[in-house]
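Participant: how does the following fold in three dimensions:
(one chain, ligands or ions: 1)
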Amino acid sequence: MDSQPVFFVGNIPIYGNLILSPMDGLSERPFRSLVRKSGSAMSYTEFINAIDVLADIHRIQKKIAFYEFERPVVFQIFDDDPDRILNAAQKLTLFQPDIIDLNLGCSAHHVASRGAGAGLLPHPQKIARIISNLVKHLPVPVTAKIRLGWDEHSRNYLEIARIIEDCGAQLIAVHGRTKVQGYTGRADWDAIAEIKSKLHIPVIANGDVQTVADIQHIRNQTQCDGVMIGRAALSNPWIFSSRDRSEVPPHEVKSWIEAHLHEMIAFHGEELGVILFRKYLKRLLTPYQLSEDILLALLTATDLKILHHLINDVFNTLIEP
Ligand SMILES: Cc1cc2nc3c(=O)[nH]c(=O)nc-3n(C[C@H](O)[C@H](O)[C@H](O)COP(=O)(O)O)c2cc1C
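Facilitator: So this is what the prediction gives:
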């Protein structure tokens, strides 16, 4: 951990400049907490639907579970209705997050088409109302994560970023794509640089960081306060300690897999934990180009003992004696 804060979110010091992206279905406590231990500077939950919070808080218990050592912890919320967002955020603060973040970036059809996530970007005044309400009524700092606009003809990111800052939010994370782009094309780091040059609150740059060299490039190009990493973290969680995947020896990958599997079982129970672990295991094993038969066996095993055996067998052949 850096001995000096790299930046502040309101009065909350952040000791590092690399942060795991919120990722629905992936950045839950087991993975997120391991990544936090290995260098991510704060913990964002996956996005949480305000409607679910208000309907039945128990439905989202797993999404808001965190370990104390993960602090600062950010609960991310999404919806299209300003009052519902405020009510849900107030309910969520009872579970002691350090920060509440508004999702203005989700491009998934079922979210954006109902005016939530990136679906809010064409409505700056609504965003102003939501952020002002949250800032006024919540006891914790409010932040937002945005995309650059709805499509290439409406890249209103500067207007949105200024509104977010003027309404009192304390940090903005920017994924350098429009909603219509989804995950296609390249993230526009120059646009992120433009936002950073105009704002006074911390700006986190996000999109297409895959290697340690990319971290340096995006920092140089944007001058941002921090860098958020999503997809690349799944095959290389060591990126948060500035290591490329090619530098990580198989015995460390094996230890990570064992620790993550252990956390998954503690969190979800054995049966579900083993099944849900597959999506992480697949990405961690990708660089080894294992045969289809071996992969199939690993990714369909339902019995924990068998899975442990298979993992041992694979790594016995990968680890030099
Ligand atoms: C499977 C998946 C789920 C995601 N879920 C969320 C989410 O819940 N909240 C959010 O703000 N962004 C979410 N994102 C977007 C990421 O946070 C990030 O902005 C995007 O992946 C670009 O960064 P990357 O190129 O480092 O992956 C998700 C992305 C992926 C791939």
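Participant: wouldn't Ala65 be in contact with Phe267 here?
Facilitator: Yes - with contact defined as C-beta atoms under 8 Å, Ala65 counts as touching Phe267 (7.4 Å). Heads up, the C-betas are built off the backbone N, CA and C, glycines and all.
Participant: who touches Ala89 in this structure?
Facilitator: Ala89 sits next to 50, 77, 100, 134, 137-138 when contact means C-beta atoms under 8 Å, 6 or more residues apart in numbering.
Participant: so it sits in a helix?
Facilitator: Yes - using DSSP: H, G, I helix; E, B strand; the rest coil, the assignment for Ala89 is a helix.
Participant: now it: closest residue in space, sequence neighbours ignored.
Facilitator: Closest residue in space to Ala89, ignoring its immediate chain neighbours: Ile100 at 5.0 Å, by C-beta to C-beta, 6 or more residues apart in numbering.
Participant: got it, and Leu86?
Facilitator: Asn133 is the one closest to Leu86 (C-beta to C-beta, 6+ apart), at 4.7 Å.
Participant: give me every residue that touches that neighbour.
Facilitator: 82-83, 85-86.
Participant: where's Val135 relative to Asp303, distance?
Facilitator: From Val135 across to Asp303, the span is 50 Å (C-beta to C-beta, to the nearest Å).
Participant: give me the more crowded residue out of these two.
Facilitator: The neighbour count for Val135 versus Asp303, taken as other C-beta atoms under 10 Å, is higher for Val135 (17 against 12).
Participant: helix or strand: which one has the residue nearest to Val142 when sequence neighbours are not counted?
Facilitator: Spatial nearest neighbour of Val142, excluding adjacent residues (C-beta to C-beta, 6+ apart): Leu134 at 4.4 Å. Leu134 belongs to helix 124-137 when assigned by DSSP states H and E.
Participant: stretch 110-120 near the ligand at all?
Facilitator: No - shown here: stretch 110-120 not in contact with the ligand (C-beta under 6 Å from any ligand atom), separated by at least 7.8 Å.
Participant: what average pLDDT does that stretch get?
Facilitator: Here stretch 110-120 scores 96 as its mean pLDDT.
Participant: do the same with stretch 146-162
Facilitator: The average pLDDT within stretch 146-162 is 98.
Participant: quick check: closest non-adjacent residue to whichever residue of the stretch 101-250 of the chain sits closest to the ligand.
Facilitator: Going by C-beta to the nearest ligand atom, the ligand is nearest to Gly230 of the stretch 101-250 of the chain, at 2.9 Å. Leaving aside its sequence neighbours, Gly230 sits nearest to Ser21 (C-beta to C-beta, 6+ apart; 3.3 Å).
Participant: next: Ile146.
Facilitator: Per C-beta to C-beta, 6+ apart, closest to Ile146 is Leu104, 4.4 Å.
Participant: residues contacting the one you found?
Facilitator: Neighbouring residues of Leu104 by C-beta under 8 Å, 6+ apart: 117-118, 120-121, 127, 144-147, 160.
Participant: any chance of these in JSON lines, with secondary structure too?
Facilitator: Conversion of the contacts of Leu104 to JSON lines gives the following (three-state DSSP):
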{"residue": "Gly117", "secondary structure": "helix"}
{"residue": "Ala118", "secondary structure": "helix"}
{"residue": "Leu120", "secondary structure": "helix"}
{"residue": "Leu121", "secondary structure": "coil"}
{"residue": "Ile127", "secondary structure": "helix"}
{"residue": "Ala144", "secondary structure": "strand"}
{"residue": "Lys145", "secondary structure": "strand"}
{"residue": "Ile146", "secondary structure": "strand"}
{"residue": "Arg147", "secondary structure": "coil"}
{"residue": "Ile160", "secondary structure": "helix"}
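Participant: which one among these gets closest to Ser27?
Facilitator: Ser27 lies nearest to Lys145 out of the contacts of Leu104, by C-beta to C-beta, at 12.4 Å.
Participant: ok, that closest one touching Gln76?
Facilitator: Yes - the criterion here is C-beta under 8 Å, and Lys145 meets it with Gln76 at 7.0 Å.
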